[in-house]
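Engineer: Using only what follows, build the 3D model:
(one chain, ligands or ions: 1)
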Amino acid sequence: MTRDRSRSPRDRELGMDRAISRRDFVQGVAIGSAGILAAAALPGCTQATPALPPGAQDLPGYYPPSLTGLRGSHAGSFEAAHALRDGAPQPAPVELDEHYDLVVVGAGISGLSAAHFYCEQHPAARVLVLDNHDDFGGHAKRNEFDLGGQLGLMNGGTMMIDSPRPYSAVADGLLRRLGIDAAALAKTIQHPEFYEGLGLGDGVFFDRETFGSDHLATGYRSKPWHEFLATAPLSAAARRDLQRVEDGGGDYLPGLTSTAKKQRLAKISYRNYLQNMLKVSPEVLAFYQTRTQGEWGVGADAVSALDAWGIDLPGFKGLRLEPGSIPGMGFTPAGYADTGGSVRLHFPDGNATIARLLVRRLVPEAVPGSSVADVIAARVDYSQLDRSAHRVRLRLNSTVLHVENLGAADSAKEAAITYLRDGRRVRVRARHCVLAGYNMMIPYLCPQLPERQKAALHALVKAPLVYTTVAIRSWQAFAKLGVWQIHAPGSYHTSLRLNPTVDIGAYRSSRSPSEPNLIWMGRTPCQPGLSEHEQNRAGRAELLATPFETFERNIRDQLGRILGPGGFDPAADITAITVNRWPHGYAPEHNSLFEAELPESELPQVIGRRRFGRITIANSDSGGGAYTDVAIEQAHRAVNELPGA
Ligand SMILES: Cc1cc2nc3c(=O)[nH]c(=O)nc-3n(C[C@H](O)[C@H](O)[C@H](O)COP(=O)(O)OP(=O)(O)OC[C@H]3O[C@@H](n4cnc5c(N)ncnc54)[C@H](O)[C@@H]3O)c2cc1C
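Structural biologist: Residues are numbered from 1 along each chain as shown. This is a model prediction of the structure:
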């Protein structure tokens, strides 16, 4: 291999010059710029054209799940939408000779479910589903790897069937029609005790930038505290404080009823609670600051203490709160506090399996097989997704830029949908349209919407997130160190773990530390100190400005520092990296620190999702909860709201 002499010695040590695949990154940029240049050159005309030339998905070899590099919202998927937001001129489209009963904008679980529900109601309907990404599924994205001849799978986003509430009849009913009996599968295909059975547990990595020196403490919550923290870089006071928090603290609100205590906790942040009621040291604040990020996309400063209690974070036992939620709690903690949550089921590629099963029902020719077990390893034939002979067509790499009722909203018989693909701006017509993309974008797509509805849609700010997958030659370092999942409160990715063990159909998880495996890593870009939505916006800007090289360097550095003492060599042991960046990640949920408690009819997602003539609005954004069951329920509602005739 040729050495890149321009790199620093540290970069070479980390393996920044090693040949791992960065194919998508390069290709994505190329697609993106070609699209924009060609779009600018389009003449402002609306002549009719019979059909589009074949797109990338129609060509042999097109298989996005195995692309590595910068995935999630990949380059080429968002530039046209951002240009629309920024007021770039929008040349008139060319009219395609395509007429549908339904056009769905967005091929996430909500959009695919909407197509499914519509086809159930109208078995002869012709449906077009459009998505700006190069793959279907939205957040339910599949990352695929060749691990020394074995198929390796990871969720690039939506991880599992897991909701704060049991799945409703609508959501569970859809899963069952797809062949998923979540409760039964949860008992048979998952092996949650596998790593523990080998003696591997949870660890916490104290990084030198935050805690003074690098140290991996193993046995979190399984070893006695003094043993777990024996050599951790923490002061004696911090050790005592940590133990006090983990043991549940005292009653810092004496004399108040349980409800009154909850009302007080709803108005202070978890950080504030730890700092001012438990009076913990700054080291302990740093230990807990990022613990809320995975659930909400922001740290302990922007999540209420009550919501932290609702998802079982430590420090509350001494308050003796009664079970159950109070009005004003966030969607997630209120749900868990009231119901204990749904069945939890992780497929090897997360909820991408649900997306693939939906596509199999919509376009059977594209997804071989007939069962849940055989869909896991099935190779989708993308060239079948958009065939004129099929009733349902799924068109990728297509960003919708304008949607309008043809005529007055209350009497229109058709909607027109304009989108951009491969630099061509085209328009199709449909009797109905369901918008299942990001709801905050709808005011740009439908400027004719009432002002109040547009303001409500703009208020829905999604939380950015990064889910990274790293392929490794072996996991002997994990075995040697005695860990399989690690919280790293001050590091670039704040959590990481070995791929959960799941066997289904022909798919088998790694069983021996000498075999290759995948690591999942989670990062939440945010800016503590701001309001939740300002943190989301700052995180999104940071995410879009971060090149793959920066992610790669941080990943290699972090894994080297955490696992190096177990013999891990980032230069030699990493075989592939996929960074799934989600600038528009979780749907926004109610936050009692920053938002007033409103009646149902005044909630922004409720005002925002109102039907507009032939156009209705789905997506999890419409339900105020970042969950798959919410995405399905909102699809069901949106389809049922469509006008007849
Ligand atoms: C990292 C991550 C992890 C998650 N983990 C879980 C989990 O474990 N369990 C769970 O239940 N939920 C999880 N969620 C929540 C997840 O958002 C929902 O479960 C669900 O997948 C959302 O589906 P959706 O169809 O509503 O939205 P999306 O998946 O966002 O799909 C919308 C699609 O529409 C496309 N689109 C938007 N605008 C346009 C346009 N103008 N033109 C064309 N296409 C457009 C988008 O690009 C996207 O592909 C997670 C979310 C993220 C980001």
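Engineer: Kindly report the residues of this protein close to the ligand.
Structural biologist: By the rule CB under 6 Å from any ligand atom, the part of the chain lying against the ligand is 81, 105-111, 130-133, 138-140, 157-160, 162-163, 351, 399-400, 436-438, 441, 465, 467, 582, 585-586, 619-620, 626-628, 631. All C-beta spots, glycine's among them, are computed from the backbone N, C-alpha and C.
Engineer: Surely residue 172 is within a strand?
Structural biologist: No - applying DSSP: H, G, I helix; E, B strand; the rest coil, one finds residue 172 to be helix, outside a strand.
Engineer: And for it, the neighbour number?
Structural biologist: Here the number of neighbours of residue 172 (other CB atoms under 10 Å) works out to 20.
Engineer: Show the model's pLDDT score for it.
Structural biologist: Residue 172 carries a pLDDT value of 98.
Engineer: could you pull out the strands for the stretch 101-250 of the chain?
Structural biologist: In the stretch 101-250 of the chain, the strands defined using DSSP state E, counting those that start in this stretch lie at 127-130, 142-147, 150-155, 201-206, 215-218.
Engineer: just checking, which of those sits deepest inside the structure?
Structural biologist: Neighbour counts (mean count of other CB atoms under 10 Å) averaged over each of those peak at strand 127-130, with a mean of 26.
Engineer: List the residues that contact residue 529.
Structural biologist: Residues counted as contacts of residue 529 (CB atoms under 8 Å, 6 or more residues apart in numbering) are residue 301.
Engineer: Please, which helix or strand holds it?
Structural biologist: Assessed by DSSP states H and E, residue 529 sits outside every helix and strand.
Engineer: just residue 577 next, same as before
Structural biologist: Residue 577 is located in strand 574-586, with elements delineated by DSSP H and E.
Engineer: Roughly how far does residue 353 sit from residue 371?
Structural biologist: Residue 353 sits 11 Å away from residue 371, going by CB to CB, to the nearest Å.
Engineer: dump the residue contacts of the residue of the stretch 401-550 of the chain at minimum distance from the ligand.
Structural biologist: Using CB to the nearest ligand atom, the closest approach of the stretch 401-550 of the chain to the ligand is made by residue 437 at 2.5 Å. Residues near residue 437 by CB under 8 Å, 6+ apart: 105-106, 108, 111, 132, 400, 619.
Engineer: State the pLDDT value of the nearest residue to residue 312 once chain neighbours are set aside.
Structural biologist: Sequence neighbours aside, residue 336 is the residue nearest to residue 312 in space, at 7.8 Å (criterion: CB to CB, 6 or more residues apart in numbering). Residue 336 carries a pLDDT value of 96.
Engineer: Name the helix or strand for residue 336, please.
Structural biologist: Per DSSP H and E, residue 336 falls inside helix 331-339.
Engineer: got the CA positions of the helix or strand following that helix in CSV?
Structural biologist: Moving toward the C-terminus from helix 331-339, the next helix or strand (DSSP H and E) is helix 352-362. Extracted C-alpha coordinates of helix 352-362, given in CSV (Å, rounded to 0.1, in the frame of the first residue of the first chain):
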residue,chain,number,x,y,z
ALA,A,352,-35.4,-1.6,7.9
THR,A,353,-36.9,-5.1,7.9
ILE,A,354,-40.3,-3.5,8.3
ALA,A,355,-39.6,-1.2,5.4
ARG,A,356,-38.4,-4.1,3.2
LEU,A,357,-41.5,-6.1,4.1
LEU,A,358,-43.7,-3.2,3.2
VAL,A,359,-41.9,-2.9,-0.2
ARG,A,360,-42.3,-6.6,-0.7
ARG,A,361,-46.1,-6.1,-0.4
LEU,A,362,-46.2,-3.1,-2.6
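Engineer: outside of the helix or strand just after helix 352-362, which residues touch it?
Structural biologist: Later in the chain than helix 352-362, the nearest helix or strand by DSSP H and E is helix 372-375. Around helix 372-375, the neighbours that count as contacts under CB under 8 Å, 6+ apart are 178-180, 185, 353, 356-357, 360, 367-369, 504-506.
Engineer: Mind picking the two most distant members of those residues?
Structural biologist: The distance between the two most remote of the contacts of helix 372-375 (CB to CB) is 20.5 Å, for 185 and 368.
Engineer: ok, those two, which is more surrounded?
Structural biologist: residue 185 (21 against 15).
Engineer: In contact with the residue nearest to that one when sequence neighbours are not counted, which residues?
Structural biologist: Spatial nearest neighbour of residue 185, chain neighbours left out: residue 345 (5.6 Å); criterion: CB to CB, 6+ apart. Each residue near residue 345 by CB under 8 Å, 6+ apart is listed here: 160-162, 180, 182, 185-186, 189-190.
Engineer: Kindly report the same for residue 600.
Structural biologist: residue 606.
Engineer: just residue 122 next, same as before
Structural biologist: Listed by CB under 8 Å, 6+ apart, the contact set of residue 122 reads 101-102.
Engineer: State the phi and psi torsions of it.
Structural biologist: When read as degrees, to the nearest 10, the backbone of residue 122 gives phi -130, psi 80.
Engineer: From the ligand, how far off is it?
Structural biologist: Plainly put, residue 122 is 21 Å away from the ligand if you go by CB to the nearest ligand atom, to the nearest Å.
Engineer: Show the pLDDT at that residue.
Structural biologist: So, for residue 122, pLDDT stands at 97.
Engineer: Same check on residue 88?
Structural biologist: Looking at residue 88, its pLDDT is 96.
Engineer: can you check the one 5 residues further on too?
Structural biologist: Among the per-residue scores, residue 93 holds a pLDDT of 97.
Engineer: again, but for residue 23
Structural biologist: Here the pLDDT value assigned to residue 23 is 44.
Engineer: And for residue 226?
Structural biologist: Listed pLDDT for residue 226 reads 86.
Engineer: Residue 187 - how many residues pack around it?
Structural biologist: Neighbours of residue 187 under the rule other CB under 10 Å: 10.
Engineer: Give me the distance between the residue of the stretch 401-550 of the chain closest to the ligand and residue 471.
Structural biologist: Taking CB to CB, one finds residue 437 at 31 Å from residue 471.
Engineer: likewise residue 461?
Structural biologist: Going from residue 461 to residue 471 by CB to CB gives 33 Å.
Engineer: Tell me which residues touch the residue sitting furthest away from the middle of the chain, please.
Structural biologist: The outermost residue of the chain, judged against the average C-alpha position, is residue 255 (42.1 Å), by CA atoms, centre = their mean. If a contact means CB under 8 Å, 6+ apart, then residue 255 has no contacts.
Engineer: The same query, at a cut-off of 10 Å, please.
Structural biologist: Residue 255 is in contact with residue 261, counting by CB atoms under 10 Å, 6 or more residues apart in numbering.
Engineer: do the same with residue 407
Structural biologist: 413-415, 613-614.
Engineer: what about 8 Å?
Structural biologist: Neighbour list for residue 407: 413-414 [criterion: CB under 8 Å, 6+ apart].
Engineer: Ramachandran coordinates for the residue positioned nearest the centre of the chain?
Structural biologist: Compute the mean C-alpha point of the chain, and by CA atoms, centre = their mean the closest residue is residue 157, 3.8 Å away. Dihedral angles of residue 157 (phi, psi; degrees, to the nearest 10) stand at phi -150, psi -120.
Engineer: Could you report the neighbour count for the closest residue to residue 313 other than its chain neighbours?
Structural biologist: Nearest residue to residue 313, sequence neighbours excluded (CB to CB, 6+ apart): residue 291, at 6.1 Å. Residues near residue 291, counting by other CB under 10 Å, number 20.
Engineer: A helix includes residue 291, no?
Structural biologist: No - counting by three-state DSSP, residue 291 is not part of a helix but coil.
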